[in-house]
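A.B. asks: The following block contains a protein sequence and its predicted model.
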Amino acid sequence: MASVAETVGGLVPVDPSRARPPRWHRDSDGAEVESDSAVAGEAIGAPLYRKTPLSLTEAAFLSKFAPGSFKITMASPTMVGNLWRPGVSDKVYPTRWDAVVAMAEIFCADIEALLESGATWLQLDSLAYWPNIDPDAAKLRRITDLDDHLSHIISTDNMLINAAKSKSPSATVAMHFCRGNMRSAWAIQGGYEPIAERVFSEVEVDRFLLEYDTERSGGFEPLRFVPPGKVVVLGLVSSKTPELESMDDLRRRIDEAAKYVPLDQLALSPQCGFASTKYGNQLTVDDQRRKLELVVQTADMVWG
């Protein structure tokens, strides 16, 4: 969200105490972690406009120095709903979803520019599905009509996916369902069952990146709704803790997932990034390297 605040105009200062940040929990020490959000004191107060491209600087660097294809990750515009404040934003956009659509139009322009720059792999990160997975998140966001909320999210995400595919039909587009990743803390819990049937069949991405590093994510049963041709990337390796997972355990869990979706539609990755915020997580660079090596070695053993 910080990148949105830096590149999109139309935000105004507001009282940060009126924000509703998620509650962050860390398993290693049981601590409640304070949010380090840089946008709690900002809200939409004027028509949104594009000040500068969102990720073109990174894409230009990677296009020049990456040894092969590269991936660009960007937030889903549905997350801008957190910047819509009653009494401030509704003077410009009557509803939260009016603001989200305006942001989606800006993102579509960024996506087209990214693909022109040489990007072939686009990943959308979405936290907007939280209320449909975790009742506590729904209460915090004051969302009562979960079906309507889910329909809006799917429609908006598909707007971006269609923009990418129209520009470059061969581009790979993925969606990551983040559960919060800050200072080794998490924000929501709950299985994918409440969203699985609609999301897996209606969101038009090529790949779904799902966090499955702990029991908080539920079981693999929701994967039964994944249609042929879609790839599920199992986030089985934690980016929050330095302890190295067992390859045998990873292979066992991949086998469990393969009961619901064919093995050739599965892949493996860390559950999230190692540094989703400026403070990162409680791992060293060597810890991170070992985790990535484990992913590669396990994938080689499973898929060859």
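C.D. replies: Everything's here; your move. Numbers count the residues shown, from 1 in each chain.
A.B. asks: neighbours around residue 222, how many?
C.D. replies: Applying other Cβ atoms under 10 Å, we find 21 residues neighbouring residue 222. Any C-beta I mention is one placed from the backbone N, CA and C, and that applies to glycine too.
A.B. asks: Strands of the stretch 151-300 of the chain, residue ranges please.
C.D. replies: Counting by DSSP state E, counting those that start in this stretch, the stretch 151-300 of the chain forms strands over residues 172-177, 207-211, 231-237, 266-270, given from the N-terminal end onward.
A.B. asks: next one: the last one to chain centre, how far?
C.D. replies: This points to strand 266-270. Here the centre of mass of C-alpha atoms in strand 266-270, compared against the chain's by Cα atoms, centre = their mean, to the nearest Å, lies 15 Å away.
A.B. asks: got the CA positions of it in PDB?
C.D. replies: Output in PDB follows, covering the C-alpha atoms of strand 266-270 (Å, rounded to 0.1, in the frame of the first residue of the first chain):
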ATOM      1  CA  LEU A 266       0.600 -28.000  -8.400                       C
ATOM      2  CA  ALA A 267       3.800 -26.100  -7.600                       C
ATOM      3  CA  LEU A 268       5.800 -25.100  -4.500                       C
ATOM      4  CA  SER A 269       6.900 -21.800  -3.000                       C
ATOM      5  CA  PRO A 270       7.500 -19.900   0.300                       C
END
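A.B. asks: So what touches the strand or helix carrying residue 136?
C.D. replies: In this assignment (DSSP states H and E), residue 136 forms part of helix 135-141. Contacts of helix 135-141 with the rest of the structure, by Cβ atoms under 8 Å, 6 or more residues apart in numbering, involve 20, 22, 23, 130, 131, 132, 144, 146, 187, 188, 190.
A.B. asks: I'd like the distance from stretch 266-283 to the chain centre, please.
C.D. replies: Computed by Cα atoms, centre = their mean, the chain-centroid distance of stretch 266-283 equals 11 Å.
A.B. asks: what comes into contact with it?
C.D. replies: With contact meaning Cβ under 8 Å, 6+ apart, stretch 266-283 is reached by 28, 36, 73, 176, 178-179, 181-184, 207, 209, 211-213, 231-242, 250, 254, 257-258, 288, 291-292, 295, 298-299, 302-303.
A.B. asks: Show the buried residues in those residues.
C.D. replies: 73, 176, 178-179, 181-184, 207, 209, 211-213, 231-242, 250, 254, 257-258, 288, 291, 295, 298-299, 302 (16 or more other Cβ atoms under 10 Å).
A.B. asks: and the end-to-end length of stretch 279-287?
C.D. replies: End-to-end span of stretch 279-287 (Cα to Cα, to the nearest Å): 16 Å.
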